[in-house]
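Q: need coordinates for the following:
(2 chains)
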Amino acid sequence: MERQIINKKKRVFSVEPNKSHSAAFTRKYISHLVPALKKLNMNKNSSQITQQTVKHEVDMALALSAQEFAWSRFLLQKLSSSKNPTTTTNSSSKGTQVLERPDKEGGDEEGEIEEKLRELQKLLPGGEEMNVEEMLSEIGDYIKCLELQTIALKSIVQDTT
Amino acid sequence: MSSRRSSRSRQSGSSRISDDQISDLVSKLQHLIPELRRRRSDKVSASKVLQETCNYIRNLHREVDDLSDRLSELLASTDDNSAEAAIIRSLLNY
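A: Next up, the predicted model:
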């Protein structure tokens, strides 16, 4: 009976079994996040649980579960260097900008694309420090991991309300 | 006054991005972004795909922020014993 419950809990997420890569990530993500949250919950009385601390753990779990990707290393660096975490949406551009900024010549299709690429770079952790090829290969995986992270978080939150 | 064309015509190290790379990226993204998958048209412009990608990523970020806020609320609530117990129970069951 107990085993059934444990197995049932493991199947909380609807991850397609043939997408083993996604399943592996989700498994890793949960295995990082849940203990971290448990710890936070246990130390609740000594230190305040703020949105920032939870967000920090959320991002940390993401970075730790996807270490095969360059963006996760950048994310990890960012998280470890500041205990006051910034949200993933605010990445500081300290590296050299990979794409040069063309002069605005008005409605230039190429210019538009380059601009959008730059925006994309800013959204990807470490995007501005990667060369273009790296960024292109990493962006797809980043999106997939973000989606899986969202699914995992939803399961946790909905499970307990 | 020299006017600078887009960087593709200048040698600037790793910053040149070729048409091929762009179309590779665009086709990859088209499959990933739900918004674009629905359209299912090959005529979506590169700039549109990139825009939708940026929007999608920002939405995902927002969703994650929102979910982690809710999570922190759940964890912080000490008054509501049932919620707290439920969290602890579900976390411990892993």
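
Q: in the longest helix along chain A, what counts as buried?
A: Within chain A, and with DSSP state H defining each element, the longest helix by residue count is helix A:132-159. Within helix A:132-159, the residues scored as buried using 16 or more other C-beta atoms under 10 Å in any protein chain shown are A:132, A:134-136, A:138-139, A:141-150, A:152-153, A:155-157. Placement of C-beta: from N, CA and C, glycine included.

Q: now the helices for chain A?
A: When assigned using DSSP H, the helices of chain A occupy the ranges A:2-10, A:20-42, A:51-65, A:70-81, A:109-123, A:132-159.

Q: could you list every helix and strand that the fifth one packs against?
A: Other helices and strands packing on helix A:109-123, by 3 or more C-beta pairs under 8 Å, 6 or more residues apart in numbering or on different chains; DSSP states H and E, are helix A:132-159, helix B:46-76.

Q: indicate which one of the ones you listed is closest to residue B:30.
A: Nearest to residue B:30 among the helices and strands packed on helix A:109-123 is helix B:46-76 (6.0 Å), distances taken as C-beta to C-beta.

Q: and for the closest residue in space to residue A:50 that isn't next to it in sequence, the neighbour number?
A: Leaving aside its sequence neighbours, residue A:50 sits nearest to residue B:72 (C-beta to C-beta, 6 or more residues apart in numbering or on different chains; 6.6 Å). Each residue near residue B:72 was counted by other C-beta atoms under 10 Å in any protein chain shown, and the total is 21.

Q: same check, this time on residue B:74
A: Look at residue B:74: counted by other C-beta under 10 Å, it has 21 neighbours.
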